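Asker: fold the following and give me the result.
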Amino acid sequence: MISIYHNPRCSKSREALEILETKTNDFKVIKYLDDVLDEKALEEIINLLKIKPIELVRKNESIWKDEYKGLDLTDKEIIAAMAKHPKLIERPIVINGNKATIGRPPQKILDIL
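Answerer: Next up is the predicted model:
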């Protein structure tokens, strides 16, 4: 089953959800700001995305700028920051089996459907 880590307030996330709705009805919406991801779940997603943890961080968020910018953080510390502050997680994330992508631009999710 396909999963989308979704923030309804984000236009890119809404666009990705619309794409999914036109392509399949076999998907699950995870509102990650409500159902907060723990560090283990974030590590699994990062591994599926085949990226470094810092690549999943929304660096323009005020939380990042105020609390983390300029610090020399380990991967574990970056993951802990995202678990503590889910607004820092880039969105939308779509997972289909062992394939995953960040939907920026939203059409990028078509590559894994």
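Asker: ok, and what's touching stretch 45-52?
Answerer: By C-beta atoms under 8 Å, 6 or more residues apart in numbering, the residues outside stretch 45-52 that reach it are 5, 37, 53, 55-56, 75, 79, 93, 95, 98-102. Bear in mind the C-beta positions are built from the backbone N, C-alpha and C, glycine included.
Asker: tell me the two of the residues you listed that are most distant?
Answerer: With C-beta to C-beta as the measure, no two of the contacts of stretch 45-52 lie farther apart than 75 and 99, at 21.8 Å.
Asker: among the contacts of stretch 45-52, name the ones in helices.
Answerer: Among the contacts of stretch 45-52, the members found in helices (DSSP state H) are 75, 79.
Asker: quick one, which of the contacts of stretch 45-52 are buried?
Answerer: Burial by neighbour count, judged by 16 or more other C-beta atoms under 10 Å, picks out 5, 37, 53, 56, 79, 93, 95, 100, 101, 102 from the contacts of stretch 45-52.
Asker: mind listing what the second one touches?
Answerer: Under the criterion of C-beta under 8 Å, 6+ apart, the contact list for residue 37 reads 5, 45, 82, 83, 86, 89.
Asker: next one: the fourth one
Answerer: Neighbour list for residue 56: 42, 45, 46, 49, 82, 89, 90, 102 [criterion: C-beta under 8 Å, 6+ apart].
Asker: what's the burial count for residue 89?
Answerer: Residue 89 sits with 24 neighbouring residues when counted by other C-beta atoms under 10 Å.
Asker: and the closest residue to it other than its chain neighbours, what helix or strand is that in?
Answerer: Distances taken as C-beta to C-beta, 6 or more residues apart in numbering place residue 82 nearest to residue 89, at 5.2 Å, with adjacent residues excluded. Taking DSSP states H and E as the criterion, residue 82 maps to helix 75-84.
Asker: list the buried ones in that helix?
Answerer: Residues of helix 75-84 classed as buried by neighbour count (16+ other C-beta under 10 Å): 78, 79, 80, 81, 82, 83.
Asker: for the third one, what are its contacts?
Answerer: Pointing back at residue 80 there. Residue 80 makes contact with residue 39, according to C-beta under 8 Å, 6+ apart.
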